[in-house]
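**Student:** Structure, please.
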Amino acid sequence: MRIAITGANGFVGKALCALLRDSGHDVVALVRRQGVCTPRVRECLIEDDNFASLALGRPAFGPCDTFVHLAARVHIMRDRAVDPIAAHRTTNVDGTLNAARAASVAGARRFVYVSSIKALGEGEPGRPWRENDEASPVDPYGISKREAELALREFGRAVGMEIVVVRPPLVYGPGVRANFLGLIKAVEKGVPLPLGAVDAQRSMVYVGNLADAIRLLATYPAALEGVYHVTDCEDLSVSQMIRAIADALGKPARLVSVPVALLRLIGTLTRQSDRIDRLTGPLRVECRRLPNELGWTPPWQVADGLKQTVRARSTASTVE
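**Tutor:** Below is the predicted model of the structure:
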């Protein structure tokens, strides 16, 4: 199959390109910077963040069977945009529809859109999020992702294109940044972490598992449509995650058991409530359709994924 991918030189995109190429597929990477993608992948340089030029045929990337849209304006903790929701909509809604228009012109029968669990909301509704749950996103990123899902559904119906939405939770793996990398560094340095009493579980997905699920959804021979959640199918609490990271590093997990209520009080006093809530609150995602309907199982277990993540971090540190 011939598969076009936006965001191909990103964290998930590189893993997906490599997997698809190794599986014998022809990959076209639609990127903003050339020369940083997976070897043996054809790159096409795009001109703008909202893919308006792509929808007009620039660059001409040729026909494709499936179009995978990974590119997005991601969640930003301290967004400095004058109008954050407008900035997110420009890339995540307008840009997604422009990418879908380009896919339609290229003859793609299926459009795989990588959304986010934030399109459903924050936290969880007292149980794992299900694929058919009513969405109630709260931040600009989640709102724009949900709006893109709905706009794509209408577009797909209008042009006769299959729309497949993938909603991952926290993605980790070699090259991960932000909070997850900070947590690895803290464990690596032996920093005492006051999270030993946190037992709320959170779903995650290793980048290799996410890439494998997208590969299946992009290449599945029968018709597909709708929302698919993808996780490692093995939820951990934050304290369990820290212990697993420490084990992968070969270091002790220096966990201090501070009551969750006290952590939340400290979060309120220091204006860090959102960050504390993310660490102490549950966020489980039910991954049902992929295994039940398509027979998918994660090729990587959490322990293996964390070892690969830590190993890549150690290698990068040595090189630095």
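**Student:** tell me what the host helix or strand of residue 111 is packed against?
**Tutor:** Residue 111 belongs to strand 110-114 when assigned by DSSP states H and E. Secondary-structure packing of strand 110-114 (3 or more CB pairs under 8 Å, 6 or more residues apart in numbering; DSSP states H and E): strand 66-69, helix 95-105, helix 140-159, strand 162-167, helix 207-219. In short, each C-beta sits where N, CA and C put it, glycine included.
**Student:** Mean neighbour count, those: which tops it?
**Tutor:** Ranked by mean neighbour count under mean count of other CB atoms under 10 Å, these are led by strand 66-69, which reaches a mean of 28.
**Student:** hmm, back to that, got the angle for the strand holding residue 111 vs strand 162-167?
**Tutor:** Computed by axes from the mean of the first three to the mean of the last three CA atoms, to 10 degrees, the angle separating strand 110-114 from strand 162-167 equals 20 degrees.
**Student:** can you list the helices and strands packed on strand 110-114 in JSON lines and add distance to residue 311 and mean pLDDT?
**Tutor:** Shown next, in JSON lines, are the helices and strands packed on strand 110-114 (distance: least, CB to CB, whole Å; pLDDT from 0 to 100):
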{"stretch": "strand 66-69", "distance to residue 311": "27", "mean pLDDT": "98"}
{"stretch": "helix 95-105", "distance to residue 311": "34", "mean pLDDT": "97"}
{"stretch": "helix 140-159", "distance to residue 311": "30", "mean pLDDT": "97"}
{"stretch": "strand 162-167", "distance to residue 311": "26", "mean pLDDT": "98"}
{"stretch": "helix 207-219", "distance to residue 311": "13", "mean pLDDT": "98"}
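**Student:** so where do the helices sit in the stretch 1-150 of the chain?
**Tutor:** 11-22, 52-55, 84-89, 95-105, 140-159 (DSSP state H, counting those that start in this stretch).
**Student:** Put together JSON lines for those, with distance to residue 308 on each row.
**Tutor:** JSON lines is the format used below for the helices of the stretch 1-150 of the chain (distance: least, CB to CB, whole Å):
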{"stretch": "helix 11-22", "distance to residue 308": "11"}
{"stretch": "helix 52-55", "distance to residue 308": "33"}
{"stretch": "helix 84-89", "distance to residue 308": "31"}
{"stretch": "helix 95-105", "distance to residue 308": "30"}
{"stretch": "helix 140-159", "distance to residue 308": "27"}
